[in-house]
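Student: Let me see the structure of the following:
(chains A and B)
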Amino acid sequence: MSSRGASSGLVVADVSFAWGGRKALEGVSFAAPPGKFCALLGPNGAGKSTLFALLTGLMRPASGRIEVAGHDLSRAPRAALARIGAVFQQSTLDLDLTVHRNLTYFAALHGIGGREAARRADAALDRLDMREREGEKARALNGGHRRRAEIARALMHDPAVLLLDEPTVGLDAAARRAITDHVHDLGRDAGITVLWATHLVDEVRDEDEVVILHRGRVAAQGPAEEIAGPRPLTDVFLTMTGKAAA
Amino acid sequence: MTALPDVPAALAPGPGPWLIALRAIVAREALRFVHQRERFVAALVRPLVWLVVFAAGFRSALGLSIIPPYETYIPYEVYIVPGLCGMIQLFNGMQSSLSLVYDREMGSMRLLLTSPLPRPWLLMCKLAAGCAISILQVYAFLAIAAAFGIVMPWGGYVAVLPALVVSGLMLGALGLALSSFIRQLENFAGVMNFVIFPMFFLSTALYPLWKMAESSTLLRDICAVNPFTQGVELIRFALHARLEPAALGWTLLAFAVFAGLAVRGYDPARGLAQRKA
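Tutor: Here you go, the predicted model:
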């Protein structure tokens, strides 16, 4: 297996999790194939962030299985984590380091150092149109550019699966659009499986895969246009999650 | 776009990837420390105040008999130097722990915890980084103390290095273990009251065990089992170019216990992982 396309993307099978006694996820199953942009839609409190914590190995599910590019996250956590790129809801940049150093530090945590790390940082920043900002401290960047730097960083180790937890929160419309477009392109051009958690339906395109999460369960899944049918996806989403106007 | 390599760099055989991470984590902590100049000054001023002010006042009040490793009567300032070295490392360990709790609240700890390198190794890298910084602080303190005329035997300045490594790792591991059990930054004040102060005052940092026994044998016993006491004694003997095997053994044991607790605390299947931040 030498190309990302041969991997099996992301598989979540019958995953459950509870915070103490309160169930947060119950029997969640879905698959995101290689190269697909998969939108994880859910209102606040649906369990998206809990699912992200499980997908990134920060917590272990009570039951069920998570596979990343064919590697079981519980049985082979290192092999699975090596193939995940993650952008968390909360920024994880070191604000006192330059953009470039933030990227090379991350590369080192993936065992990539020296010239190779610098080369990959340049390439990742080029891909996100961030090269001219590489010498700036992360603190000096606006919200949109910080997000782009984080996405560039998450691509440093050529992950097979890119996970983004509400990456456009707090951004203005233009920055939101730019980042949504960038990540859609990544999935298509680089063959990366993208899981994009959001509650903003306008970030989803017709050709995207959609998983609607509601109260810790999967309420619907499939191509966006199939789930929406003749109605706008927003209406369908609001109806399913019980938020439609009475 | 290049093809995905068969084996990701982090999983490549050999120590290469592990050492790359170690170097980066130590460099980052060092850079952070250099940027926080006030932290460095605070780390030095604290023990110097004890040395110059407290020791001067206490000198006449406290009579010290000749106890190993000292071979003659020593002024009180000389007695408390090892304890103050330990104090620097204790505060540094707690400071690293504080920054870990902060990192976790701010999210950057996630970066470390989602690395494909083994988690115990990543925690060890964090420990090594904190320990290296504490040793720099101790040597700066010893240099200033020497400028005040409080000089140790020359061999002691060399022999103390491995002792500082062991005690620094032990106190850093204590901080790391605590950080995995502290949920929020606000709870950290409690750590100051219930960990740093008791550890420091119930030790041989300021007064020898026999002096403590004069007032209470129970307090003496508590002091004797305090891992901080063992760390301080290890440093005290090393500063006189002598090895105290019991202190070394106890300090290593405490390190193993604290490191074990830290690894357990940061295990995704339990510890902080199962509590909602």
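Student: okay, now the domains of chain A?
Tutor: Annotated domains of chain A cover A:4-83+A:159-240, A:95-158 [automatic domain parsing].
Student: what's the closest of those to chain B?
Tutor: domain A:95-158 (2.5 Å; C-beta to the nearest C-beta). All C-beta atoms are positioned from the backbone trio N, CA, C, and that covers glycine.
Student: how about that closest one, does it reach chain B?
Tutor: Yes. Applying C-beta under 8 Å from any C-beta of the partner chain, one finds that domain A:95-158 is in contact with chain B at A:96-97, A:104-106, A:108-114, A:116, A:157-158.
Student: Chain B: strands as residue ranges?
Tutor: In chain B, no strands are defined using DSSP state E.
Student: re earlier: quick check, nearest of the residues of domain A:95-158 next to chain B to B:L174?
Tutor: Distance to B:L174 across these (C-beta to C-beta) is lowest for A:L109, with 24.4 Å.
Student: per-residue confidence for the residue lying closest to the closest one once chain neighbours are set aside?
Tutor: Spatial nearest neighbour of A:L109, excluding adjacent residues (C-beta to C-beta, 6 or more residues apart in numbering or on different chains): B:S115 at 4.0 Å. B:S115 carries a pLDDT score of 91 in this model.
Student: Do I have it right that B:S115 meets B:A9?
Tutor: No. Taking contacts as C-beta atoms under 8 Å, B:S115 lies outside contact range of B:A9: 11.3 Å.
Student: Have a look at the two and say which one is more surrounded.
Tutor: B:S115 (26 against 23; other C-beta atoms under 10 Å in any protein chain shown).
Student: Tell me which helix or strand comes right after the host helix or strand of A:A123.
Tutor: If you go by DSSP states H and E, A:A123 is part of helix A:114-127. Downstream of helix A:114-127, the next assigned helix or strand under DSSP H and E is helix A:143-154.
Student: list the helices and strands that next one packs on?
Tutor: Based on contacts counted as 3 or more C-beta pairs under 8 Å, 6 or more residues apart in numbering or on different chains; DSSP states H and E, the elements that helix A:143-154 packs against are strand A:84-87, helix A:99-109, helix A:114-127, strand A:161-165, helix A:173-190.
Student: on that earlier part again, okay, the domains of chain A in CSV with mean neighbour count next?
Tutor: Listed next are these as CSV, based on neighbours: other C-beta atoms under 10 Å in any protein chain shown:
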stretch, mean neighbour count
domain A:4-83+A:159-240, 19
domain A:95-158, 20
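Student: Of those domains, give the one that comes closest to B:V101.
Tutor: B:V101 lies closest, by C-beta to C-beta, to one member of the domains of chain A: domain A:4-83+A:159-240, at 15.7 Å.
Student: and the closest one, does that touch chain B?
Tutor: Yes. Domain A:4-83+A:159-240 reaches chain B (C-beta under 8 Å from any C-beta) through A:4, A:7, A:19, A:56-60, A:77-79, A:81-83, A:160, A:189-191.
Student: Not counting its neighbours along the chain, what's nearest B:P75?
Tutor: B:R59 (6.5 Å).
Student: What about the one you found, how many residues nearby?
Tutor: By other C-beta under 10 Å, neighbour count at B:R59 equals 14.
Student: isn't it right next to B:I74, touching?
Tutor: No. Using C-beta under 8 Å, B:R59 is not in contact with B:I74; the gap is 10.9 Å.
Student: coming back round to it: next, show the common contact partners of B:S115 and B:A9.
Tutor: A:H110 (C-beta atoms under 8 Å, 6 or more residues apart in numbering or on different chains).
Student: ok, back up a step: right, and the domains of chain A - which one's nearest B:A189?
Tutor: B:A189 lies closest to domain A:95-158 among the domains of chain A, at 24.9 Å (C-beta to C-beta).
Student: end-to-end on that closest one?
Tutor: 24 Å (C-alpha to C-alpha, to the nearest Å).
Student: Can you give the distance of it from its chain's centre?
Tutor: 17 Å (C-alpha atoms, centre = their mean, to the nearest Å).
Student: mind showing which ranges of the stretch 151-277 of chain B have poor pLDDT?
Tutor: Scanning the stretch 151-277 of chain B for pLDDT under 70 picks out B:183-188, B:269-277.
Student: give me every residue that touches residue 103.
Tutor: Using chain A. A:L103 makes contact with A:A117, A:R120, A:A121, A:A124, A:L125, A:A149, A:A152, A:R153, A:M156 under the criterion C-beta under 8 Å, 6+ apart.
Student: The intended chain is chain B.
Tutor: By C-beta under 8 Å, 6+ apart, the contact list for B:D103 reads B:M109, B:L112.
Student: let's go with 7 Å and repeat that
Tutor: By C-beta atoms under 7 Å, 6 or more residues apart in numbering or on different chains, B:D103 lies in contact with B:M109.
Student: Can you give me the pLDDT of the residue nearest to B:P47 when sequence neighbours are not counted?
Tutor: With C-beta to C-beta, 6+ apart as the criterion, B:P47 has its nearest non-adjacent residue at 3.8 Å, and that residue is B:L84. At B:L84, the model reports a pLDDT of 94.
Student: Surely B:L84 touches B:L51?
Tutor: Yes. The criterion here is C-beta atoms under 7 Å, and B:L84 meets it with B:L51 at 6.0 Å.
Student: and these two? which has more neighbours close in?
Tutor: Comparing B:L84 with B:L51 by other C-beta under 10 Å, the one with more neighbours is B:L84, at 27 against 21.
Student: my guess is B:W121 contacts B:I20, does it?
Tutor: No. Look at B:W121 against B:I20 with C-beta under 7 Å: they stay out of range, at 11.6 Å.
Student: between these two, who's got more neighbours?
Tutor: Comparing B:W121 with B:I20 by other C-beta under 10 Å, the one with more neighbours is B:I20, at 23 against 14.
Student: I figured the more buried one was touching A:A108, is that so?
Tutor: Yes. Assessed by C-beta under 7 Å, B:I20 is found in contact with A:A108 at 5.0 Å.
Student: Show me where chain B has its helices.
Tutor: Here chain B has its helices, by DSSP state H, at B:16-35, B:37-49, B:55-59, B:76-106, B:108-113, B:119-147, B:154-181, B:188-191, B:197-201, B:209-215, B:217-225, B:227-239, B:245-265.
Student: ranking those by burial, who's on top?
Tutor: Comparing the helices of chain B by mean neighbour count (mean count of other C-beta atoms under 10 Å in any protein chain shown), helix B:227-239 ranks first with a mean of 27.
Student: returning to that earlier point: could you save the domains of chain A as TSV and add columns showing distance to B:P69 and mean pLDDT?
Tutor: Compiled in TSV, the domains of chain A are given as follows (distance: least, C-beta to C-beta, whole Å; pLDDT from 0 to 100):
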stretch	distance to B:P69	mean pLDDT
domain A:4-83+A:159-240	46	89
domain A:95-158	42	91
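Student: Distance to B:M109 added to those domains, as a markdown table?
Tutor: Formatted as a markdown table, those follow (distance: least, C-beta to C-beta, whole Å):
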| stretch | distance to B:M109 |
| --- | --- |
| domain A:4-83+A:159-240 | 9 |
| domain A:95-158 | 12 |
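Student: Tell me which of those domains sits nearest to B:A262.
Tutor: domain A:4-83+A:159-240 (16.3 Å).
Student: In contact with residue 165, which residues?
Tutor: No chain specified, so I'll use chain A. Counted by C-beta under 7 Å, 6+ apart, A:D165 has contacts A:K48, A:S49, A:F52, A:V87, A:F88, A:Q89, A:A197.
Student: nope, chain B please
Tutor: B:C131.
Student: Not counting sequence-adjacent ones, nearest residue to the residue of chain B found nearest chain A?
Tutor: For chain B, the residue closest to chain A is B:P17, as judged by C-beta to the nearest C-beta, at 2.5 Å. Among residues not flanking B:P17 along the chain, A:G111 sits closest, at 2.5 Å (C-beta to C-beta, 6+ apart).
Student: If I follow the layout properly, the one you found ends up in contact with B:A21?
Tutor: Yes. Using C-beta under 7 Å as the test, A:G111 is close enough to B:A21 to be in contact (6.5 Å).
Student: Since that was my last question, I'll sign off now.
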